[in-house]
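Student: Structure for the following, please:
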Amino acid sequence: MTHLARWMRRCAMGLVCITFTGCATMEVETASSKRFADKQYQSFSWRSEVPTGVPQSMERLYTLSTTVREIVAEALEKKGYRYQPSGGDFMVSYAFGSRLEGGEDPVTPSFGPNTSVINRNPDGAVMDNAYALSGPREVASVMLTFEDGANLATVWTARISQIVENQNEADLKKVQRKLESGVTRALRALPDA
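Tutor: Numbering: from 1, shown residues only. Here you go, the predicted model:
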């Protein structure tokens, strides 16, 4: 195998790895559903209402909040739980979070006196990607909390986290699709009503 063929093979394998890691950026963590299942709940309510009349600067948060409610309510109803405006068997609340994750020093090739490189300069795009992908990434998350309707004791929690891919141009439809997928994965842990 020639040097060029080996180099091309390594690049192809690297692209495959980057592609698969890019698709696997969502994490879903759930608590044990035993306490929830033991209660045999049939209905749910929201712990608090979405505030109305939000200022324009809070419009995105309001839209995201109503989207979360729609997705969670739809997923719970598919499992057989009934929505009640108040007095449900369990209460659903959610919180948004954000953190930075990762951040490694990119590997810079060293071209010292003992290195032989024939007519080769490092590819600028490859180097830029190495720096961009090595820095800390923002991870956005939504935490779902289910509390008993009688005493507000927490009976189940789930956290759905996703690496923010394009912070400057958020695509609400894409966020909604990913959130639907995450909520579906999280609620698999719960029994049907």
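Student: so residue 33 makes contact with residue 190?
Tutor: Yes: with contact defined as C-beta atoms under 8 Å, residue 33 reaches residue 190; the gap is 5.3 Å. Quick note: C-beta positions are derived from backbone N, CA and C, even for glycine.
Student: Which residues are in contact with each of the two?
Tutor: Taking C-beta atoms under 8 Å, 6 or more residues apart in numbering as the contact rule, residue 33 and residue 190 both touch residue 156.
Student: Excluding chain neighbours, give the residue nearest to residue 148 in space.
Tutor: Spatial nearest neighbour of residue 148, excluding adjacent residues (C-beta to C-beta, 6 or more residues apart in numbering): residue 155 at 5.4 Å.
Student: Return the residues in contact with the one you found.
Tutor: If you count contacts by C-beta under 8 Å, 6+ apart, then residue 155 has 35, 36, 39, 90, 146, 147, 148 around it.
Student: just the helices in this protein please.
Tutor: Using DSSP state H, the helices assigned to the chain run over residues 3-23, 34-39, 59-78, 124-134, 172-187.
Student: Lowest mean pLDDT across the ones you listed, which one is that?
Tutor: Mean pLDDT values for the helices of the chain show the minimum at helix 3-23, a mean of 37.
Student: For residue 71, grab the count of nearby residues.
Tutor: Neighbour count for residue 71, taken as other C-beta atoms under 10 Å: 19.
Student: Give the buried residues for stretch 143-152.
Tutor: 144, 145, 146, 147, 148, 149 (16 or more other C-beta atoms under 10 Å).
Student: Go through these and flag which are in strands.
Tutor: 144, 145, 146, 147, 148 (DSSP state E).
Student: Tell me the confidence at the first one?
Tutor: The predicted structure scores residue 144 at 96 on the pLDDT scale.
Student: Show the contacting residues for it.
Tutor: So residue 144 contacts 72, 92, 93, 94, 157, 158, 159, 160, 183, 186 (C-beta under 8 Å, 6+ apart).
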